[in-house]
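> pasted the sequence and its predicted model underneath.
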Amino acid sequence: MSLLKKLAGETALYGLSSIVGRLLNMLLVPFYTRVLATTNEYGAVIDLYATSAFIMVLFSYRMESAFFRFGTPPEDRDRAYSAGMWSLLTSTAIIAAALLLFAQPIAGALAYPQHPEYVRWFALILAFDCLAELPFARLRLEQRPRRFVFIKLLNIGVNIGMNLFWLVFCPWAAQHGITAVHAVWSPGLGVEYIFLSNLLASLVTLFLLIPQLRMILRVFDRSLWWQMITYAAPLIIVSLAGIVDEMFSRAMLKYLLPGTPQENLGQVGIFGANYKLAALITLFTQAYRYAAEPFFFRHAKEDHALHTQAQVTKWFTITSAGGMLGILLFLDLVKYFIAPKYWGGLHVVPVLLTANLLLGVYYNFSIWYRLKDRTGLGAWISVIGALVTIALNMLLIPVFGYTGAAFVTLACYTFMSVATWYTGRRHYPVPYELGRMAGYVVLALGLWALSLFLNRLLPDWPALVWGPRVLMFAAFAGAVYQWELKKDFPAVVRVFGRRDQHLP
């Protein structure tokens, strides 16, 4: 229980940057969907960020995971960190230079021939973000979440602040005769300022990580670097496959839909905006992952490691299912995060929510092959999942549009979670409570369906305070208490009420 308490504390701290940060970034979604004049403009934002996710894997090649593996012992930390950073500094310079040099043909291939500056800006954004990854990983491994949180939140603050400055303040100032803003702002630009805001935020972040960058040793341990690269190589495939699973549909909609490029980008914008609504459930997942990955590595050799992972995964599933139920029950409120012109895609939100829940479960199941140095097997699973995603998207998007893409996402994450659990049974037999985990997911979806039925049966019930939706959420919470907390609740209160001297 003390380990669960420690993980919960670290998750809460990392969640301050991840959940609060993503919530702040989520506020940019209603902002963008209202400030940008058309859905295809927002579609360009979704498309370019999806494409950059692929390139980011090539920039970072999962060196942070290799650092967790080889830098966990304190006596090896500096050597592993330095080997990783010298590698990233060299490769980042090469890749960024290539993108800057060939910006025009790359922009043409991405269907933005008039905007090679997009490629140049993203080359710098990805370079800065890549060089920040290992310093952030070191902060996580050394259990320094407060500095981690501060820098992450400042990054988000700069990004949001510059967006508001260029897209709100400058147009307002120009309308009120403040001509000085024209020195830093042009009325003909919109999407461009979104990318420039990101670029400035990434630059500020890297500057704040200079103390961690100064920890690089002048000695390069080639032997250790080779071990790290060998370990990370299969994870590169896992990451690329994961990006395919998550981003391929958004990146390929503009090519696979039958309309014109601008019409297709409009569909990308609608799908992307509703994907953002479904991504609300991943706020907790991201915070959890920041804390869980180094946590499992630190405690992998303890006697109760398998039992701890089973309990953590069960509670992760319960929390995610509760979050999914809350979003579904109050979707008529949540939908206001995006402008009304995007509401035509709300029907895919339940599908994407379930898919994102399964993605979180997959993250839990997949920790075994990193702990057991079987990343090659994880790569094979990811490659098969990516091939399934590509094949089904090619088949379904031309017929069903982005609705087909949503169901492909669900099918892919279902396969990934099942395959990872099945292969891990022999190599790392965690006693997961699968029946109970599945039961909570089914319960959440069943209560949502029941609430829809009751809303139609009793349309005069107050919808927000005393209506069926509140009753359904209370029923889920009651089930969790009855099945999980009732017996151990006094012990839980005692454990989480005690002060933990080692909790950061």
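Perfect, thanks for sending it.
> residue 245 reaches residue 389, doesn't it?
Yes - contact status for residue 245 versus residue 389: in contact at 5.1 Å, counting by Cβ atoms under 8 Å. Bear in mind the C-beta positions are built from the backbone N, C-alpha and C, glycine included.
> so how far is residue 327 from residue 346?
11 Å (Cβ to Cβ, to the nearest Å).
> give me the common contacts of residue 245 and residue 389.
409, 412 (Cβ atoms under 8 Å, 6 or more residues apart in numbering).
> need the residue closest to the centroid of this protein.
residue 286 (5.8 Å; Cα atoms, centre = their mean).
> show me where this protein dips below the pLDDT cut-off.
1-25, 287, 290-295, 299-300, 303, 458-467, 487-504 (pLDDT under 70).
> report the buried residues of the helix or strand harbouring residue 456.
Element membership for residue 456 (DSSP states H and E) is helix 434-457. The neighbour-count check on helix 434-457 (16 or more other Cβ atoms under 10 Å) flags 437, 439-441, 443-445, 447-448, 451, 454-455 as buried.
> please apply the same query to stretch 374-388.
Buried residues in stretch 374-388 (16+ other Cβ under 10 Å): 374-375, 377-379, 381-383, 385-386, 388.
> can you tell me which of those residues are in strands?
Nothing among those maps onto strands, per DSSP state E.
> residue 178: neighbour count?
Neighbour count of residue 178, defined by other Cβ atoms under 10 Å: 12.
> how far does the longest helix along the chain sit from the chain's center?
Determined from DSSP state H, the single longest helix within the chain is helix 222-256. Remark: helix 222-256 is offset 15 Å from the chain centroid, using Cα atoms, centre = their mean, to the nearest Å.
> angle of the helix or strand following it against helix 222-256?
For helix 222-256, the following helix or strand on the C-terminal side (DSSP H and E) is helix 261-278. Interaxial angle, helix 261-278 versus helix 222-256 (axes from the mean of the first three to the mean of the last three Cα atoms, to 10 degrees): 120 degrees.
> strands along the stretch 401-504 of the chain, start to end?
Read by DSSP state E, counting those that start in this stretch, the stretch 401-504 of the chain holds no strands at all.
> what about the residue located most distally from the centre of the chain, which SS state?
Largest separation from the mean C-alpha position in the chain: residue 177, at 41.7 Å (Cα atoms, centre = their mean). Per DSSP: H, G, I helix; E, B strand; the rest coil, the local secondary structure of residue 177 is coil.
> and it, how far from residue 145?
Counting by Cβ to Cβ - residue 177 and residue 145 are separated by 47 Å.
> again, but for residue 323
The separation that residue 323 has from residue 145, given Cβ to Cβ, amounts to 22 Å.
> still on that earlier bit, so which strand or helix has the residue nearest to the centre of the chain?
Going by DSSP H and E, residue 286 is part of helix 282-298.
> list the buried ones in the next helix or strand after that helix?
The helix or strand immediately downstream of helix 282-298 is helix 305-329, counting by DSSP H and E. Using 16+ other Cβ under 10 Å as the test for burial, helix 305-329 gives 305-306, 308-329.
> same thing with stretch 99-115?
Burial within stretch 99-115, assessed by neighbour count using 16+ other Cβ under 10 Å, is assigned to 99, 103, 106-107, 110, 112, 115.
> tell me the one of the residues you listed nearest residue 133?
Nearest to residue 133, judged by Cβ to Cβ, of the buried residues of stretch 99-115 is residue 99 at 17.7 Å.
> wait, that closest one sits on residue 110?
No - Residue 99 is beyond contact range of residue 110, at 11.6 Å (criterion: Cβ under 8 Å).
> what is in contact with those two at once?
Joint contacts of residue 99 and residue 110 (Cβ under 8 Å, 6+ apart) are residue 119.
> that older thread, from the contact counts, what lies against the helix holding residue 456?
helix 305-329, helix 349-365, helix 468-480 (3 or more Cβ pairs under 8 Å, 6 or more residues apart in numbering; DSSP states H and E).
> looking at the ones you listed, which is nearest to residue 264?
helix 349-365 (19.6 Å).
> residues in contact with residue 95?
Residue 95 neighbours (Cβ under 8 Å, 6+ apart): 55, 58-59, 123, 127.
> compare these and tell me which is most surrounded.
residue 123 (25 neighbours).
> how about the contacts of residue 95 in CSV, adding distance to residue 474?
Compiled in CSV, those are given as follows (distance: Cβ to Cβ, whole Å):
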residue, distance to residue 474
55, 46
58, 48
59, 46
123, 51
127, 49
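> out of those residues, which is nearest to residue 352?
residue 55 (23.8 Å).
> so that closest one touches residue 127, yeah?
No - the criterion here is Cβ under 8 Å, and residue 55 misses it with residue 127 at 10.3 Å.
> how about the helix or strand where residue 29 lies: buried residues?
Using DSSP H and E, residue 29 sits within helix 28-35. For helix 28-35, burial by neighbour count (16+ other Cβ under 10 Å) applies to 28-33, 35.
> list the helices and strands it packs on?
Using 3+ Cβ pairs under 8 Å, 6+ apart: helix 28-35 touches helix 39-60, helix 145-164, helix 261-278.
> among these, which is nearest residue 241?
When the helices and strands packed on helix 28-35 are compared by Cβ to Cβ, helix 39-60 sits nearest residue 241, at 9.7 Å.
> could you pull out the buried residues of that closest one?
Buried residues in helix 39-60 (16+ other Cβ under 10 Å): 39-53, 55-57, 59-60.
> contact partners of stretch 375-392?
231-235, 237-238, 240-242, 244-245, 248-249, 366, 369-370, 404, 408-409, 411-412, 415-416, 419-420, 423.
> again, but for stretch 203-213
Contacts for stretch 203-213 (Cβ under 8 Å, 6+ apart): 85, 124, 128-129, 131-132, 135-136, 138-139, 151-152, 154-155, 158.
> same check, this time on stretch 440-454
317-318, 321-322, 324-325, 328-329, 350, 354, 357, 461, 468-469, 471-473, 475-476, 479-480.
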